[in-house]
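>>> Provide a 3D model corresponding to the input given below.
(6 chains)
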There are 4 protein chains.
Amino acid sequence: MSSENQTIDKIADPKRSFIEEARRAQIIDCAIDVIAEQGFAQASLSQIAKRAGISAGVISYHFAGKDDLIREVAAHVFTKGAAFIGPRVNGQPAAPDALRAFIVASVDYVAARPAYTRAIMNIIRAGRGETGQPRYDAALEAPRRDGFQQILRWGQDTGEFRAFDVAIMARTIIEAVDAVPPQLAVQPDLDMAAYGQELATLFDLATRAAPPQPSAE
Amino acid sequence: MSSENQTIDKIADPKRSFIEEARRAQIIDCAIDVIAEQGFAQASLSQIAKRAGISAGVISYHFAGKDDLIREVAAHVFTKGAAFIGPRVNGQPAAPDALRAFIVASVDYVAARPAYTRAIMNIIRAGRGETGQPRYDAALEAPRRDGFQQILRWGQDTGEFRAFDVAIMARTIIEAVDAVPPQLAVQPDLDMAAYGQELATLFDLATRAAPPQPSAE
Amino acid sequence: MSSENQTIDKIADPKRSFIEEARRAQIIDCAIDVIAEQGFAQASLSQIAKRAGISAGVISYHFAGKDDLIREVAAHVFTKGAAFIGPRVNGQPAAPDALRAFIVASVDYVAARPAYTRAIMNIIRAGRGETGQPRYDAALEAPRRDGFQQILRWGQDTGEFRAFDVAIMARTIIEAVDAVPPQLAVQPDLDMAAYGQELATLFDLATRAAPPQPSAE
Amino acid sequence: MSSENQTIDKIADPKRSFIEEARRAQIIDCAIDVIAEQGFAQASLSQIAKRAGISAGVISYHFAGKDDLIREVAAHVFTKGAAFIGPRVNGQPAAPDALRAFIVASVDYVAARPAYTRAIMNIIRAGRGETGQPRYDAALEAPRRDGFQQILRWGQDTGEFRAFDVAIMARTIIEAVDAVPPQLAVQPDLDMAAYGQELATLFDLATRAAPPQPSAE
DNA sequence: TATGAATGAGTATTCATTCAT
DNA sequence: CATGAATGAATACTCATTCAT
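Numbers count the residues shown, from 1 in each chain, chains lettered A, B, ... in the order given. Next up, the predicted model:
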């Protein structure tokens, strides 16, 4: 409840002091803004520090390194996304409803937090770091992917969805949703509600089992 | 014919010597490999030169600058892609066939040239450069997007496709196709033929007009 | 008072810390030495840093760029020169006295600060940078030129000076003074006091109005 | 006579073929233009070669190095200058006439060959090269300096000139003349004839012995 | 804790010069 | 003789990181 309002509650290390957490939260927020606005490549620690009004060394003090900061940013955004989308999906009566709710909520999240979604897209698409490892914890993406896959299997089990490849379908849906933030950046007056409905309908048709033939007989 | 198989024939400037063209082609090839394997941000001129076994200055000698090199890489990949995909789409009798052919051919191109498609994805998704301009000629992307959109409108005109938003549908298809290269990199044994068919079926269902109700009688 | 003797007080930005100012002053001093000894073209940031015993990046840290450093060097030298020469010119009773004082003080300044004057000559004569703009603030040169021109016009108004072209005369005087630093570099035992008097006499004769003819008869 | 028309006759090495000499002359001419127009620092071998319509390697082939080329350029310009000025000075009846003729001819040379004089000024003022040696043969400057000094001593011997320091006076005159090319570049409509007369008068007054006092008595 | 000065490796690019063709 | 491809060192500048204060 009240923890909902704290910035980085879920991932906070209990050993960290209040002031330490505040600084980390501030830095993460500023990093999100800079990455969203200027792109990942231009988001140097200096830029982020300048935005936060602090010295660049402070970031190195509070985070193990730039990679660590980026991972925290990704974790923050994914966590917030799950908190936004989850409640709107849970409790749906049937798989098709859940799928539509998931897609619409995902697009709504882009509208609600454009900087968050822009930032995470920029991070993901910047690819792997110098060490060859991804810049974010792959496990963070899992909940969303697994969420879509669960809904898809649910619908297949009930016969409402046809027999598609669940992994490919889930991936395609995610990509469709993730394409929205950069479009919104280019075209800020984009009708997000319509976009969400369009995608929901698109994937509803793509997943639905054929209606039982009225048959001939 | 045989010239069709040469690497950079179509875009070759006739004023350039054979040896110059060979070097340029080699550098472009190495740049593609490095960008595909290590990502755009890590693809410094030094890295590309090292891969080619040449001095970094050679690249500056043959290209006006890094931007120029990247543009040439993008042009090369897009041109090759168009040459690969175009013939398999043209001549299809109806819009749904053309759409399926386009999607399958696009996925096949990923299988045929995984480094090319990985590289171009990395370039596109690296976003805009320091000057704010895209790193490649935006006109290069247009044919593919326009191609999809033309097919989609064609099908809507004939009544085979339902009344969806063409821009959103085209964008979603392109994103679905563009998601393939990074997946292939992670999972090299991916069954690309099956992937192509799966996507084709997905978007066939998503685009098709409802069959005329057998109605009452 | 005592602050008069500090190196860069007048142009110091109050926001800069003591240590920052010290570093900047040290770098400016080293830049002056290197430019004076090795010439402008050879005065790379690396050379200057080596002379200062610091890493080259430190200069980029303290100055916005090489241009900025050069401008600061020029400002420093011109400011110091004005402080040296100005008091010896002001308060002279008549134009010929002021002109002599100005010339002698200018040459004395060369003797007092040979590196300063060599450096500024090298900067001025290195001409314009790649962008076509002068490497220093043109306004810095103006006081000296205007000072000479004012004295010359003053003397013409009082009839003590003949009717020469003020611009050409001022320019010639300045060139004569500016020729001294390189000569001193080549010939370190040059008698500067004599040089100053010689130039002063030269331009006194060149500027003086003809004495009223005793006429009569 | 005919040798007047050849470009680099006086300094030509007899072992060089005609075609070799022609190439050298062409390169020297282009180097003069580039140095005059773009400044010494911007005058790379590539720029000079481009102006000449040849490959940069050709210059390295015909000259021992860039320093050698610059020395040849300086020699060419000084030689041409001597040929222009010398005849107008020789044969003057008295030292004051010779001095005036020398100054006027020097300024006329600037007007006649602005590129030559701009180039040589840029070379001289670019200072010393990487090796610490001057970029031109100091002996080349000697004739002009010696010429002025001879005239000055001549006038002192005849009593027409006062007892000034010959070296300083010669140096000052030379600097006054050398200040003209950059001014002309900035202000192309400069009245060169007037400028020459102004300087001639200036130094006439500066050098003249006081007229014998009509005495009292 | 925070600062900001400093480092050293890294970036793209330019340039004089060499050399096989 | 001329070319143009290649080199390797040098250029200014950026950046993540460290550390004394």
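
>>> Quickly check: the longest helix belonging to chain A near DNA strand E or not.
Across chain A, the helix with the greatest residue count (assigned by DSSP state H) is helix A:66-89. No - Helix A:66-89 lies out of reach of DNA strand E by Cβ under 7 Å from any atom of the strand, never closer than 12.2 Å. In this view, the C-beta of every residue, glycine as well, is placed from N, C-alpha and C.

>>> so, in contact with DNA strand F or not, that helix?
Yes - Helix A:66-89 lies within reach of DNA strand F by Cβ under 7 Å from any atom of the strand, at A:66-67.

>>> Quick check: buried residues in that helix?
Buried residues in helix A:66-89, counted by 16 or more other Cβ atoms under 10 Å in any protein chain shown: A:66-67, A:69-82, A:84-85, A:88-89.

>>> Quick check: residues of chain A near chain B?
A:39-42, A:122, A:125-128, A:130, A:132, A:164-165, A:168-169, A:171-172, A:175-176, A:178-179, A:183, A:194-195, A:198-199, A:201-203, A:205-206, A:208, A:214 (Cβ under 8 Å from any Cβ of the partner chain).

>>> what does chain A put close to DNA strand E?
A:17, A:19-20, A:23, A:54-58, A:61-62.

>>> Sitting in helices, which of these do you find?
Filtering the residues of chain A next to DNA strand E for helices - DSSP H - leaves A:19-20, A:23, A:56-58, A:61-62.

>>> Check those residues against D:P188 and report the nearest one.
Of all these, D:P188 sits closest to A:A56, with 50.6 Å by Cβ to Cβ.

>>> for chain A, which spans come out with low pLDDT?
A:1-14, A:127-133, A:212-217 (pLDDT under 70).

>>> Which single residue of it approaches DNA strand E most closely?
A:G57 (2.4 Å; Cβ to the nearest atom of the strand).

>>> Can you get me a residue count around A:S60?
A:S60 has 15 neighbours, counted by other Cβ atoms under 10 Å in any protein chain shown.

>>> which residue packs closest to it, ignoring adjacent ones?
A:L45 (7.2 Å; Cβ to Cβ, 6 or more residues apart in numbering or on different chains).

>>> what do you get for A:R100?
Excluding the flanking residues, the one nearest A:R100 by Cβ to Cβ, 6+ apart is A:A200, at 4.3 Å.

>>> Give me the neighbour count for the one you found.
Using other Cβ under 10 Å, A:A200 has 20 other residues around it.

>>> Could I get the phi/psi values of it?
When read as degrees, to the nearest 10, the backbone of A:A200 gives phi -60, psi -40.

>>> so A:I120 touches A:V77, yeah?
Yes - checked against Cβ atoms under 8 Å, the pair A:I120 and A:V77 is within contact range at 4.5 Å.

>>> All the strands of chain A, residue numbers only.
Using DSSP state E, no strands are found in chain A.

>>> Please report the distance of the residue nearest to A:F203 when sequence neighbours are not counted from A:V107.
Nearest non-adjacent residue to A:F203, counting by Cβ to Cβ, 6+ apart: A:I173, 5.6 Å away. For A:I173, the distance to A:V107 (Cβ to Cβ, to the nearest Å) stands at 11 Å.

>>> how near is A:A210 to A:D165?
Noted for A:A210: a distance of 17 Å to A:D165, by Cβ to Cβ.

>>> Mind checking which of these two has more residues around it?
Counted by other Cβ under 10 Å, A:A210 and A:D165 do not tie: A:D165 has more neighbours, with 18 against 8.

>>> which residues does A:P134 bridge with?
Here A:P134 sits in beta bridges with A:R128, as judged by DSSP bridges.

>>> Around it, how many other residues sit close by?
So A:P134, with other Cβ under 10 Å, has 20 neighbours.

>>> One more: the one 4 residues further on?
Around A:A138 sit 11 other residues, with neighbours defined as other Cβ under 10 Å.

>>> OK, contacts around the residue lying closest to A:M121 once chain neighbours are set aside?
Among residues not flanking A:M121 along the chain, A:P181 sits closest, at 5.0 Å (Cβ to Cβ, 6+ apart). With contacts defined as Cβ atoms under 8 Å, 6 or more residues apart in numbering or on different chains, the neighbours of A:P181 are A:110, A:114, A:117-118, A:121.

>>> And the helices in chain A, which stretches?
Under DSSP H, chain A gives helices at A:2-5, A:18-38, A:45-52, A:56-62, A:66-89, A:95-112, A:114-125, A:138-158, A:166-178, A:180-186, A:192-207.

>>> Convert the C-alpha atoms of stretch A:196-210 to PDB, please.
Output in PDB follows, covering the C-alpha atoms of stretch A:196-210 (Å, rounded to 0.1, in the frame of the first residue of the first chain):
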ATOM      1  CA  GLY A 196      -4.500  -0.100 -28.000                       C
ATOM      2  CA  GLN A 197      -7.900  -1.100 -29.300                       C
ATOM      3  CA  GLU A 198      -6.500  -1.700 -32.800                       C
ATOM      4  CA  LEU A 199      -3.700  -3.900 -31.400                       C
ATOM      5  CA  ALA A 200      -6.100  -5.800 -29.200                       C
ATOM      6  CA  THR A 201      -8.500  -6.500 -32.100                       C
ATOM      7  CA  LEU A 202      -5.500  -7.500 -34.300                       C
ATOM      8  CA  PHE A 203      -4.300 -10.100 -31.800                       C
ATOM      9  CA  ASP A 204      -7.800 -11.200 -30.900                       C
ATOM     10  CA  LEU A 205      -8.400 -12.200 -34.600                       C
ATOM     11  CA  ALA A 206      -4.900 -13.700 -34.800                       C
ATOM     12  CA  THR A 207      -5.500 -16.000 -31.800                       C
ATOM     13  CA  ARG A 208      -9.100 -16.900 -31.900                       C
ATOM     14  CA  ALA A 209     -10.100 -20.400 -32.800                       C
ATOM     15  CA  ALA A 210     -12.400 -20.700 -35.800                       C
END
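
>>> so how far is it from its chain's centroid?
Here stretch A:196-210 is found 21 Å from its chain centre; the criterion is Cα atoms, centre = their mean, to the nearest Å.

>>> buried sites along that stretch?
Neighbour count says stretch A:196-210 has A:196-207 buried, by 16+ other Cβ under 10 Å.

>>> got JSON lines for the helices of chain A, with distance to C:W154 too?
Below are the helices of chain A laid out as JSON lines (distance: least, Cβ to Cβ, whole Å):
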{"stretch": "helix A:2-5", "distance to C:W154": "76"}
{"stretch": "helix A:18-38", "distance to C:W154": "58"}
{"stretch": "helix A:45-52", "distance to C:W154": "52"}
{"stretch": "helix A:56-62", "distance to C:W154": "56"}
{"stretch": "helix A:66-89", "distance to C:W154": "65"}
{"stretch": "helix A:95-112", "distance to C:W154": "74"}
{"stretch": "helix A:114-125", "distance to C:W154": "66"}
{"stretch": "helix A:138-158", "distance to C:W154": "79"}
{"stretch": "helix A:166-178", "distance to C:W154": "77"}
{"stretch": "helix A:180-186", "distance to C:W154": "65"}
{"stretch": "helix A:192-207", "distance to C:W154": "75"}
